[in-house]
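**Q** structure of the sequence below:
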Amino acid sequence: MRLVHTSDWHLGHTLHDFSRRTEHLAFFKWLLRRLEALAADALLVAGDIFDTSNPSAEAQADLYEFLAAAHGRVPGLDIVLVGGNHDSASRLDAPEPLLRAFDVRVVGSLPRGGNGSVDYARLIVPLKDKAGIEAVKVVAMPFLRPADLPVIRNEGVDALIEGVRRVYSEAIAHAERERVPGQALLAMGHLYMTGTKISELSERKILSGNQHALPADIFPGSLAYVALGHLHLAQEVSRESIRYSGSPIPLSMAEIGYPHQICVVDIDDGNLVSVAHELIPRKVELLRVPADPKRLEEVETALAAMASRANLPPDEQPILEVPVLLVQPEPALRARIEKALEGKGVRLARISTWYTGNGQALADSLPKTTLQDLQPEDVLRQRWAREHEGEPPADLLAAFHQLLGEAQADPEAT
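**A** Take a look at the predicted model:
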């Protein structure tokens, strides 16, 4: 059996108001070619299919067009999707009966029976090999919200962590009872594990924060492979068989250097044989120029030295962040940056500002001074020093004293 593991597509995502649809469609086109070339038996998508719980009609259409294309292009391909913390569980579940006819299984929410108990049988998804034999059983677990978890009252035990552990344990035990010799047992999940690296700009710490990072021992050694989603950096967790595939595109500027990839997982006779990685080509560059904050004059020089991408279609032009180190306030900052970028064929997403001052709050810079001892100009100077070098400009001081004089002359006007 050959399985392809991916996650965190975030269809409908925008970065500083720039649509990522061109990149997602390019990823789908590439993925279809790879599924065919790899002769994949199954595609596992471990959550965060959409970027929001209320995705656009366009984002939903893109998903269904991809699923239809995969069904037609790779006959016999099984596809399993589970819901993530960004997804609407009910929205994913709604078309599942129809999608099942196309060998697509969707588990958006934790399924329950008529009596309210978890229907573990509906979490177990069989995968067929090329001979049509069920060679793998997957515990397809969606993102578990606190309301999904059993009540744990043991003192000294984290109720959320223990609740997740119990749900997985029951589901895996159910799958163990169903499987036959030679079948591999896999699990999917969308969760945050201990000992991992996260992108602070785009990954929410799910459940209730870092203190609820889940230990790898919730996955027993009987699992041949665990396909995880949520973290956008591809990484192994504790052992080779537990992995985050990572997102297919960078979802924030913090992820520019991530190796975005798919995991190609080979299973034989119920055991993991190998895990390979294939890097996903980037359709659109994400740039930070300069790489580190520089003074404005240096920034303008760096931008002027950039190669032009004006020949690219607008939706394929790079998305750019410009970090600037400011010595003093610069009212014309954006105008100067935009002028330096004229004709460069890039999309300016953000100007991030850094300051050369000491960064100290007023209370820290004057620890032995009370507010009554301060003169208004002292406050201005300390505030200036927090972000800027040197002394406040003379014109700024003059304007300040003019305003101060007007306020003191007519207190009611303030």
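
**Q** and for residue 128, the neighbour number?
**A** Using other Cβ atoms under 10 Å, residue 128 has 17 other residues around it. (Glycine included, C-beta is placed from N, CA and C.)

**Q** OK, contacts around the spatially closest residue to it that is not a sequence neighbour?
**A** Take residue 128 and drop its neighbours on the chain: the residue closest to it by Cβ to Cβ, 6 or more residues apart in numbering is residue 134, 5.8 Å away. By Cβ atoms under 8 Å, 6 or more residues apart in numbering, the contact list for residue 134 reads 126-128, 183.

**Q** again with residue 258
**A** Contacts of residue 258 (Cβ under 8 Å, 6+ apart): 199, 232-234, 246-247, 250.

**Q** now with 7 Å, please.
**A** Residue 258 makes contacts with 232-233, 246, 250, as judged by Cβ atoms under 7 Å, 6 or more residues apart in numbering.

**Q** I'd like those residues laid out as JSON lines, including distance to residue 284, neighbour count and pLDDT.
**A** As requested, the contacts of residue 258 are exported to JSON lines (distance: Cβ to Cβ, whole Å; neighbours: other Cβ atoms under 10 Å; pLDDT from 0 to 100):
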{"residue": "232", "distance to residue 284": "16", "neighbour count": "29", "pLDDT": "93"}
{"residue": "233", "distance to residue 284": "19", "neighbour count": "18", "pLDDT": "93"}
{"residue": "246", "distance to residue 284": "17", "neighbour count": "27", "pLDDT": "95"}
{"residue": "250", "distance to residue 284": "9", "neighbour count": "24", "pLDDT": "95"}
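
**Q** of the residues you listed, which is the nearest to residue 120?
**A** residue 246 (28.7 Å; Cβ to Cβ).

**Q** I'd guessed that closest one sits against residue 261; true?
**A** Yes: judged on Cβ atoms under 7 Å, residue 246 makes contact with residue 261 at a distance of 6.2 Å.

**Q** where do the contact lists of the two overlap?
**A** Here residue 246 and residue 261 share the contacting residues residue 234, scored by Cβ under 7 Å, 6+ apart.

**Q** show me where pLDDT drops low in the stretch 101-250 of the chain?
**A** Low-confidence regions of the stretch 101-250 of the chain, defined by pLDDT under 70, span residues 155, 195-212.

**Q** what ranges do the helices span in it?
**A** 159-178 (DSSP state H, counting those that start in this stretch).

**Q** what about the strands in the stretch 201-350 of the chain?
**A** Ranges of strands within the stretch 201-350 of the chain are 225-229, 235-237, 239-244, 261-268, 271-279, 286-288, 294-295, 319-326, 347-355, based on DSSP state E, counting those that start in this stretch.

**Q** and those as a markdown table, adding mean neighbour count and distance to residue 43?
**A** Formatted as a markdown table, the strands of the stretch 201-350 of the chain follow (neighbours: other Cβ atoms under 10 Å; distance: least, Cβ to Cβ, whole Å):
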| stretch | mean neighbour count | distance to residue 43 |
| --- | --- | --- |
| strand 225-229 | 27 | 10 |
| strand 235-237 | 17 | 20 |
| strand 239-244 | 19 | 15 |
| strand 261-268 | 21 | 9 |
| strand 271-279 | 13 | 13 |
| strand 286-288 | 19 | 26 |
| strand 294-295 | 16 | 44 |
| strand 319-326 | 20 | 28 |
| strand 347-355 | 16 | 31 |
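
**Q** now for those strands, which one comes closest to residue 156?
**A** Ranking the strands of the stretch 201-350 of the chain by proximity to residue 156 (Cβ to Cβ) places strand 235-237 first, at 25.2 Å.

**Q** partners of that closest one, with directions?
**A** Strand 235-237 has its sheet partners listed here by DSSP bridges as strand 239-244 (antiparallel).
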